[in-house]
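> pasted the sequence and its predicted model underneath.
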Amino acid sequence: MLLTEILNSKQLEVQKLKKTEINSERKAVSGTFIEALQNHRESPALIAEVKKASPSKGIIRHDFQPVKIAKEYEEAGAACLSVLTDGPFFQGSLHYLEEIRKNTSLPLLRKDFIIDERQIEESVIYGADAILLIAAAMPAERLRLLYEHAESSGLDVLVEVHSLEELKSVTAEFSPSLIGINNRDLNTFHTDLATTFSLLPHMPEGVLIVSESGIVSSDDVSRLKASGVGAMLVGETLMRSENINSAVSSLYGYAD
Ligand SMILES: O=C(O)c1ccccc1NCC(=O)[C@H](O)[C@H](O)COP(=O)(O)O
């Protein structure tokens, strides 16, 4: 199972991280990420992902210049950015997050497999405004503790679920403000937008919902909009495009 493999690799990273000293003046400001999604001019608001490679597709973007891509996303009108920082499986890096923080003003999601408080502190230092917590990665009690730690560090949290069972166990434990429905099965890599539509009726009132993964066309975006989803997270579709601005426009159904 790929997720288990990734989590085992993260355990080793965290062990090393715990041996290093972490010091920073930077403070994250609660609500920055969520408010940018709520106030975005388009619906669903776009979280555009800076993603070089993935375990399912290998290299997605050969000419990978993270800061250039981030600036293009900003110019194209993205509400927020997601930056993959996992090295072994996605060829991401915390340094990409750090450089993007210095060169854009958009709120940033650190996209990684967070399993420890120390990674949360590290996320603040490198410039994140939000982190991802994956329900499939740990019991809901542990997820709540990390959620609380992130919130008290000024970070917003995108809590990701893929099934009704995960959603129920999370919401029985605590009340996230931002829930991501991942359309991708993290073990088979199969993506299906139907995951979003099937989980939506079970979402608690007032939660901002993000549909994640496998969003490829303006038809997908119209269906998400009609269903009331607040935001969408798009990686591969935009990263494969030679012209990010026109790729964003065409997702929203605007002709070039
Ligand atoms: O992208 C993958 O293949 C993947 C495999 C296993 C775990 C996570 C994976 N992706 C992380 C993500 O959450 C996506 O990068 C993100 O939702 C964007 O998806 P897409 O638009 O399909 O690139």
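On my side now, so go ahead.
> could you measure from residue 140 over to the ligand?
20 Å (Cβ to the nearest ligand atom, to the nearest Å). Just so you know, the C-beta spots here come from the backbone N, C-alpha and C atoms, and that holds for glycine as well.
> which parts of this protein sit against the ligand?
Contacts of the chain with the ligand, taken as Cβ under 6 Å from any ligand atom, map to 2, 49, 51, 54-56, 184, 186, 189, 191, 212-215, 233-237.
> which of those are buried?
Buried subset of the residues of the chain next to the ligand (neighbour count, 16 or more other Cβ atoms under 10 Å): 49, 51, 54, 184, 186, 191, 212-215, 233-237.
> and the residues you listed, which of them are in helices?
Using DSSP state H, 236-237 are the members of those that sit in helices.
> and the buried ones among the residues of the chain next to the ligand, which two are the farthest apart?
Maximum pairwise distance among these (Cβ to Cβ): 18.8 Å, between 186 and 237.
> the buried ones among the residues of the chain next to the ligand in strands, which ones?
Per DSSP state E, strands hold the following members of these: 49, 54, 212, 233-234.
> where is pLDDT lowest across the buried ones among the residues of the chain next to the ligand?
In terms of pLDDT, residue 186 ranks lowest among these, with 86.
> got a list of what that one touches?
Contacts here follow Cβ atoms under 8 Å, 6 or more residues apart in numbering; on that basis residue 186 touches 2-3, 134, 136, 162.
> try 10 Å this time
The neighbours of residue 186, taking Cβ atoms under 10 Å, 6 or more residues apart in numbering as the test, are 1-4, 6, 55-56, 113, 134, 136-137, 160, 162, 213.
> let me have those in CSV, extended by distance to residue 252.
Shown next, in CSV, are the contacts of residue 186 (distance: Cβ to Cβ, whole Å):
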residue, distance to residue 252
1, 36
2, 32
3, 32
4, 37
6, 32
55, 29
56, 26
113, 30
134, 28
136, 30
137, 32
160, 24
162, 26
213, 18
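> list buried residues within those residues.
Looks like these have 6, 113, 134, 136-137, 160, 162, 213 buried, using 16+ other Cβ under 10 Å.
> looking at the ones in strands among the buried ones among the residues of the chain next to the ligand, which is nearest residue 225?
residue 234 (13.7 Å).
> quick one: the strands in the stretch 151-256 of the chain?
156-161, 178-182, 208-212, 231-234 (DSSP state E, counting those that start in this stretch).
> and the residue of the stretch 101-250 of the chain closest to the ligand?
residue 235 (2.8 Å; Cβ to the nearest ligand atom).
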